[in-house]
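*Asks:* Just the structure for this:
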Amino acid sequence: MKTIIKGGDNMEALIRRKFNIRDTKRYYSDLNSAALKGLELVTFKGINKNAKVDEEVSHIKTLYIDYLMGFLKIDPIIELGEEVGGYTIALNEIDMYGEGDTLEEAKENLIDSILEYIDIYIDKIDLFNQVESISKQVYMLKLIRCDGDRERLKKEIGL
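*Replies:* Okay, the predicted model is just below:
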């Protein structure tokens, strides 16, 4: 089997797939090439004083993430308010909703709310990383990956 890192005994590193930050920096080009070929490689930070386990980051081909994110569905709940009129669209996966007199206004209100929340989420990522469930964090990553494109957001949330 071909080694990931040029030079030295690398079979063990290939089998382990895990590298500390120093080695990741040192061999980044080789690790990146291996990830682009389809391997998942992991960088570990070590025990964080606030964490009970090692913190790890995966280096994985973006195409694979795109594929996996495709299985993550958001199911909007659309309701017509009989008493007050208008529409409400709720996204339980991320605890958000949009409202409007028409369905289109409710969609646009929801997209505006999502975009505002993404800005706050990114700005306060340290807080959200600690308090939000893994599930919600992954859904938020799916929406962040839309890069602010309103049409992509609508598609990703099932509208």
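*Asks:* Asn32 and Arg22, how far apart?
*Replies:* Using C-beta to C-beta, to the nearest Å, one obtains 16 Å as the distance from Asn32 to Arg22. Quick note: C-beta positions are derived from backbone N, CA and C, even for glycine.
*Asks:* and the two? which has more neighbours close in?
*Replies:* Legend: neighbour count by other C-beta atoms under 10 Å for Asn32 and Arg22, higher for Asn32 (13 against 9).
*Asks:* distance of that one from Thr62?
*Replies:* 12 Å.
*Asks:* go on, Ala35?
*Replies:* If you go by C-beta to C-beta, the gap between Ala35 and Thr62 works out to 9 Å.
*Asks:* who's more crowded, those two?
*Replies:* Set Ala35 next to Thr62 and count neighbours by other C-beta under 10 Å: Ala35 wins out with 18 against 10.
*Asks:* Could you pull up the residues touching the more buried one?
*Replies:* By C-beta atoms under 8 Å, 6 or more residues apart in numbering, the contact list for Ala35 reads Leu41, His59, Ile60, Lys61.
*Asks:* Tell me the most packed of these, by neighbour count.
*Replies:* Neighbour-wise, the contacts of Ala35 (other C-beta under 10 Å) top out at Leu41, 22 neighbours.
*Asks:* List the residues that contact the nearest residue to that one once chain neighbours are set aside.
*Replies:* Nearest non-adjacent residue to Leu41, counting by C-beta to C-beta, 6 or more residues apart in numbering: His59, 4.6 Å away. The contact partners of His59, by C-beta under 8 Å, 6+ apart, come to Thr24, Leu31, Asn32, Ala35, Glu40, Leu41, Val42, Thr43.
*Asks:* So what does His59 look like in phi/psi?
*Replies:* Dihedral pair for His59: phi -100, psi 110, per degrees, to the nearest 10.
*Asks:* What would the helix or strand containing Asp112 look like as PDB? C-alpha coordinates only.
*Replies:* Under the criterion of DSSP states H and E, Asp112 resides in helix 103-123. Only the C-alpha atoms of helix 103-123 are listed here, as PDB (Å, rounded to 0.1, in the frame of the first residue of the first chain):
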ATOM      1  CA  LEU A 103     -47.100  31.800   1.600                       C
ATOM      2  CA  GLU A 104     -44.400  33.700  -0.400                       C
ATOM      3  CA  GLU A 105     -44.100  36.300   2.300                       C
ATOM      4  CA  ALA A 106     -43.700  33.600   5.000                       C
ATOM      5  CA  LYS A 107     -41.000  31.900   2.900                       C
ATOM      6  CA  GLU A 108     -39.100  35.200   2.500                       C
ATOM      7  CA  ASN A 109     -39.500  36.000   6.200                       C
ATOM      8  CA  LEU A 110     -38.100  32.600   7.100                       C
ATOM      9  CA  ILE A 111     -35.100  32.900   4.700                       C
ATOM     10  CA  ASP A 112     -34.400  36.400   6.200                       C
ATOM     11  CA  SER A 113     -34.500  34.900   9.700                       C
ATOM     12  CA  ILE A 114     -32.200  32.000   8.700                       C
ATOM     13  CA  LEU A 115     -29.700  34.400   7.200                       C
ATOM     14  CA  GLU A 116     -29.700  36.600  10.300                       C
ATOM     15  CA  TYR A 117     -29.400  33.600  12.500                       C
ATOM     16  CA  ILE A 118     -26.400  32.200  10.400                       C
ATOM     17  CA  ASP A 119     -24.600  35.500  11.000                       C
ATOM     18  CA  ILE A 120     -25.200  35.300  14.700                       C
ATOM     19  CA  TYR A 121     -24.400  31.600  14.800                       C
ATOM     20  CA  ILE A 122     -21.000  32.100  13.100                       C
ATOM     21  CA  ASP A 123     -20.200  35.200  15.200                       C
END
